[in-house]
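Trainee: Have a look; sequence and predicted model below, questions after that.
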Amino acid sequence: MPFVLLVFAIAFEVTATLSMRASEGFTKLWPSLLVVAGYLISFVFMAKALTSLNVGPVYAIWSALGTIGAFVGGVLLFDEPVRPFAIVGAVIIVVGVVVMNIGGGVHQG
């Protein structure tokens, strides 16, 4: 169950981040409201997941998948360019999360 909560936290965080881009500097009401609601809901799900999972690896997973989700969303929704170094960076992020989980891991306690 905590991993399901983490997935929801990531989804709402990505939604909030992409909504921030769509808000055009908080000049558009509905995307701006989605930013606030998305981050709030994301933090609630994250807090619930952290009641039984280790904070370091979980935060690494949350931030890494959120970063990659925002990158992919920016490409798909806003026609942002895909540059080779950005792809290399995404791979490095994923490798870092894998290494963190091998070293400390998440656990349900």
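Mentor: Ah, there it is.
Trainee: How about the secondary structure of Ser52?
Mentor: coil (DSSP: H, G, I helix; E, B strand; the rest coil).
Trainee: I'd like the distance between it and Pro2.
Mentor: Distance of Ser52 to Pro2, computed by Cβ to Cβ, to the nearest Å: 5 Å. In short, each C-beta sits where N, CA and C put it, glycine included.
Trainee: the more surrounded of these two?
Mentor: Counted by other Cβ atoms under 10 Å, Ser52 and Pro2 do not tie: Pro2 has more neighbours, with 18 against 15.
Trainee: ok, the residue nearest to Leu65 when sequence neighbours are not counted - contacts?
Mentor: Spatially, and ignoring its direct neighbours in sequence, Leu65 is nearest to Ile10 (4.9 Å; Cβ to Cβ, 6 or more residues apart in numbering). Going by Cβ atoms under 8 Å, 6 or more residues apart in numbering, Ile10 touches 42, 61-62, 65-66, 69.
Trainee: Next, work out how far apart the residue positioned nearest the centre of the chain and Thr27 are.
Mentor: Central residue of the chain (Cα atoms, centre = their mean): Gly66, 1.9 Å from the mean position. Distance, Gly66 to Thr27, by Cβ to Cβ: 24 Å.
Trainee: picking that back up, closest to Ala86 out of the contacts of Ile10?
Mentor: Proximity of the contacts of Ile10 to Ala86 (Cβ to Cβ) peaks at Gly69, which lies at 13.7 Å.
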